[in-house]
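Asks: predicted model follows, preceded by the sequence.
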Amino acid sequence: MFRRSQLAVPAIPNLKPKRVVTIPCVREEAPPPGMQDVPFSGIASKFSTQNAEIWLLMVQESAAESVVGTLLALFLVNEAETIVPLEFMPMRPPHAMLLDNGIIRTTRGNLLPDWALKEIGRVRGLLLQEHSGYVSDVVSAVKLESSSSFRKVPPGEIWPIR
């Protein structure tokens, strides 16, 4: 059986994306009749522009640090070893969904291999222990609060252009 060694993920400052965009998702208490509530905790996607790499986090507004840590760990592991591939036909950026039960589904509903899940768990643990301030700042950004790493988007400003 083929065994993968643990990935050596460099310190967070070397891998910080140029831009992290957070979008809070508000879950309705009671979905409209005939509609099902999707049991997800968050969605992670990555795409590049000419000037920046964008890590997009869409999480529940009440997301715990463990959920944000899992999605950030997914990005970091994917930087070292591609586990969330681009989707072709139609062309879409790589993305993954973290369900409420902890299962991670990638493009077209595929599941990650066990070694990738273990590595995501290991990196999440490192993030929550050694970089908890950054994870807390991301959680604050999801709640639309300012923090030391993120600024609150002023009213009426959408996708600031610099």
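Replies: Structure received. Numbers count the residues shown, from 1 in each chain.
Asks: show me where the chain has its helices.
Replies: 12-15, 65-80, 114-130, 132-142 (DSSP state H).
Asks: and the ones you listed, which is most packed in?
Replies: The highest mean neighbour count among these, using mean count of other CB atoms under 10 Å, belongs to helix 65-80: a mean of 22. For glycine as for every other residue, the C-beta is placed from the backbone atoms N, C-alpha and C.
Asks: now do that helix against helix 114-130, angle only.
Replies: Counting by axes from the mean of the first three to the mean of the last three CA atoms, to 10 degrees, helix 65-80 lies at 120 degrees to helix 114-130.
Asks: residues in contact with helix 65-80?
Replies: The contact list for helix 65-80, computed with CB atoms under 8 Å, 6 or more residues apart in numbering, reads 7-9, 12, 15, 17, 41-42, 44, 46, 55, 57, 59-60, 83-84, 94, 96, 98, 104, 116, 119-121, 123-124, 127-128, 132, 135-136, 138-139, 142.
Asks: so for it, what's the average pLDDT?
Replies: Mean per-residue pLDDT for helix 65-80: 92.
Asks: hmm, residue 103 and residue 112 touching each other?
Replies: No: in this structure, residue 112 is not within contact of residue 103 by CB atoms under 8 Å, at 9.1 Å.
Asks: more neighbours: which of these two?
Replies: residue 112 (19 against 13; other CB atoms under 10 Å).
Asks: for the residue nearest to that one when sequence neighbours are not counted, give the beta-bridge partners.
Replies: Of all residues not flanking residue 112 in the chain, residue 104 sits nearest, at 5.4 Å (CB to CB, 6 or more residues apart in numbering). Beta-bridge partners of residue 104, counted by DSSP bridges, are residue 98.
Asks: quick one, what contacts residue 104?
Replies: 70, 74, 96-98, 111-112, 117, 120.
Asks: can you put the residues you listed in TSV and add distance to residue 147?
Replies: Shown next, in TSV, are the contacts of residue 104 (distance: CB to CB, whole Å):
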residue	distance to residue 147
70	19
74	21
96	25
97	25
98	22
111	33
112	30
117	29
120	24
